[in-house]
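K.L.:
predicted model, plus sequence, below.
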Amino acid sequence: MSSTKSKAKLFFYAILLVILLFGFLSVFIPFSGTMFTLELVGFVALVVLGFAGFVGYSAQWGERVLFCVFLLYIINFLLIWFFTDLLYMILLIAALVGFLLSVPKKETKELEKKEKSSSQQQKPKKELPVKEQEPHSMVFDVPPPQKITGTPKSKTEYSPGKFVASKNGKVYHVPKCEWAKRIAKGSYVWFTKKEDAWEKGYRAHSCIE
């Protein structure tokens, strides 16, 4: 129904534009000078716009162009009436009828948007092919033992010696001394001779004879 209505409306627009074109042509031909030049330029512009409106009528912008064409006809006939005191009532009425028919309506725009959205929603979505899944076996594969690649704990290697001292202290002890056991790991300094400890600035504890 909408396509037949649009075709009938387009046919009616064509009749109106033919009447207006030939009527307008007969109006400005008797003019002379700048008036004739201006009307001729307007006539050519209206012909081009009318043709563009028919070409784009299937789209949304075509009828809007025709709306502008009819509006320009109305303005032109009113200007002719103002400057020459000649009122072409039939042509003015034809332009008004075309103008009123081509007024863009908000309701039609909203309906078109709703129809587009509903048509997009009704389109069936493509079903993706379902891959056949293999049945899960009851026997579970035992994962291979993972090698632990953790960094081994840093072990402090001690050089054996007869005397021990702390890096942070200035006193050396016998390894069996209670004070030697209190030295923190990693802070041991070993000496094989007392002279070695003396050279490095360490003094003997009371545990050393």
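P.N.:
Sure, I can see it. Keep in mind that what you see is a predicted model, and the values were worked out from it rather than measured.
K.L.:
lowest-scoring secondary structure element of this protein by mean pLDDT?
P.N.:
helix 106-122 (a mean of 60; mean pLDDT, DSSP states H and E).
K.L.:
how about the helix or strand where residue 51 lies as CSV, C-alpha atoms only?
P.N.:
Secondary structure from DSSP states H and E places residue 51 in helix 34-55. The C-alpha trace of helix 34-55 is given here as CSV (Å, rounded to 0.1, in the frame of the first residue of the first chain):
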residue,chain,number,x,y,z
THR,A,34,17.0,42.6,-15.2
MET,A,35,13.6,41.2,-14.3
PHE,A,36,13.7,38.8,-17.2
THR,A,37,17.2,37.8,-16.4
LEU,A,38,16.4,37.1,-12.7
GLU,A,39,13.3,35.1,-13.6
LEU,A,40,15.2,33.1,-16.2
VAL,A,41,17.9,32.1,-13.6
GLY,A,42,15.1,31.2,-11.1
PHE,A,43,13.4,29.2,-13.8
VAL,A,44,16.5,27.1,-14.6
ALA,A,45,17.2,26.6,-10.9
LEU,A,46,13.7,25.4,-10.2
VAL,A,47,13.9,23.0,-13.2
VAL,A,48,17.2,21.5,-11.9
LEU,A,49,15.9,21.2,-8.3
GLY,A,50,12.6,19.6,-9.5
PHE,A,51,14.5,17.0,-11.5
ALA,A,52,16.7,16.3,-8.5
GLY,A,53,13.7,15.9,-6.3
PHE,A,54,12.2,13.3,-8.7
VAL,A,55,15.5,11.4,-8.9
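K.L.:
which strand or helix spans residue 201?
P.N.:
Using DSSP H and E, residue 201 falls outside every helix and strand.
K.L.:
contact partners for the spatially closest residue to residue 23 that is not a sequence neighbour?
P.N.:
Nearest non-adjacent residue to residue 23, counting by CB to CB, 6 or more residues apart in numbering: residue 91, 4.4 Å away. Any C-beta I mention is one placed from the backbone N, CA and C, and that applies to glycine too. Residues counted as contacts of residue 91 (CB atoms under 8 Å, 6 or more residues apart in numbering) are 19, 20, 23, 24, 27, 73, 77.
K.L.:
redo that, cut-off 10 Å
P.N.:
19, 20, 22, 23, 24, 26, 27, 73, 74, 76, 77, 80 (CB atoms under 10 Å, 6 or more residues apart in numbering).
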